[in-house]
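Trainee: dropping a prediction and its sequence here:
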Amino acid sequence: MKKLLLASALSAAMLAPAFYSADTHAADYVIDTHGAHAFIQFKVSHLGYSFVMGRFNDFSGEFSFDADKLEQGKVNVTIQTASVDSNHAERDKHLRGEDFLNVAKFPQASFKSTSINDLGNGKFVLNGDFTFNGVTKPLAIDAEIVGEGEDPWGGYRAGFTGTTEFKMKDYGVKMDLGPASANVELELVVEGIKQ
């Protein structure tokens, strides 16, 4: 299975208070969802003929980050699955049902990092446990640092992008639209505000 970060995501939300021990220099950041500077987007082939694309509008998370010690970073994200938005109300109603997201039983998805592999040049692999539809499995996100620095309001920010992919069947999704539609691709954009 192709594994790419959301992420996000998924990075299911990037969250948690103390991410590092006292002897590290990593800083804590809160993902800037209020300013809409973070996104969890998905893409699924529609029968091999087109794509369904969308996003989750409601998620939250935190991460710790030190560019010189990427391997010591941590990410924790929670996604409210009912916030799925594919720009089509009837389809979104179906996506929220038992065939796909099963939001009545599992209202949240989450991602908690377990390790980071620093690939150099600002690129890294974020490994973690992804919980979706009541199933938890390891997931790897291919990620890259976009940048970090002061913002115009006296704060400090850091941003990343990432991609990953997983098979819906691995997470107990009931609907089977055939092999062309078996996988979900996630694209994550994360901007955090230093605390």
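Mentor: Everything's here; your move. The structure presented is a predicted model; accordingly, all values stated were derived computationally and were not measured.

Trainee: hey, where'd the strands end up in this structure?
Mentor: 27-31, 39-46, 50-56, 59-65, 74-80, 84-85, 108-120, 123-132, 135-150, 156-167, 183-194 (DSSP state E).

Trainee: in the longest one, which residues are buried?
Mentor: By 16 or more other C-beta atoms under 10 Å, the buried positions in strand 135-150 come out as 139-143, 145, 148. For glycine as for every other residue, the C-beta is placed from the backbone atoms N, C-alpha and C.

Trainee: what average pLDDT does stretch 33-50 get?
Mentor: Taken as a whole, stretch 33-50 has a mean pLDDT of 95.

Trainee: mind listing what's buried along that stretch?
Mentor: Of the residues in stretch 33-50, those buried under the neighbour-count criterion (16+ other C-beta under 10 Å) are 33, 38-42, 44-45.

Trainee: also stretch 86-96?
Mentor: Under the neighbour-count criterion of 16+ other C-beta under 10 Å, stretch 86-96 has 86, 92, 95-96 buried.

Trainee: mind checking which of the residues you listed are in helices?
Mentor: Per DSSP state H, helices hold the following members of the buried residues of stretch 86-96: 92, 95-96.

Trainee: out of the buried residues of strand 135-150, which comes closest to residue 186?
Mentor: residue 141 (8.0 Å; C-beta to C-beta).

Trainee: would you mind measuring from the closest one to residue 92?
Mentor: 25 Å (C-beta to C-beta, to the nearest Å).

Trainee: ok, now residue 106?
Mentor: Per C-beta to C-beta, residue 106 is found 16 Å from residue 92.

Trainee: quick one: low-confidence parts of this protein?
Mentor: 1-25 (pLDDT under 70).

Trainee: switch the cut-off to 90
Mentor: Flagging of the chain using pLDDT under 90 yields the residue ranges 1-26, 35, 174, 176-178, 180.

Trainee: what about residue 154, neighbour count?
Mentor: Close neighbours of residue 154, defined as other C-beta atoms under 10 Å, add up to 6.

Trainee: thinking again about what came up before, and of the buried residues of stretch 86-96, the nearest to residue 55?
Mentor: Proximity of the buried residues of stretch 86-96 to residue 55 (C-beta to C-beta) peaks at residue 86, which lies at 8.2 Å.

Trainee: surely the closest one and residue 51 touch.
Mentor: No: look at residue 86 against residue 51 with C-beta atoms under 8 Å: they stay out of range, at 10.4 Å.

Trainee: redo the buried residues of stretch 33-50 as TSV? Include distance to residue 132.
Mentor: Listed next are the buried residues of stretch 33-50 as TSV, based on distance: C-beta to C-beta, whole Å:
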residue	distance to residue 132
33	19
38	19
39	18
40	12
41	15
42	11
44	14
45	18
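
Trainee: and the residues you listed, which two are furthest apart?
Mentor: Of all pairs drawn from the buried residues of stretch 33-50, the widest gap by C-beta to C-beta lies between 33 and 45 and measures 27.9 Å.

Trainee: quickly list what the residue nearest to residue 130 when sequence neighbours are not counted is bridged to.
Mentor: Spatial nearest neighbour of residue 130, chain neighbours left out: residue 139 (3.8 Å); criterion: C-beta to C-beta, 6 or more residues apart in numbering. Counting by DSSP bridges, residue 139 is bridged to residue 128.
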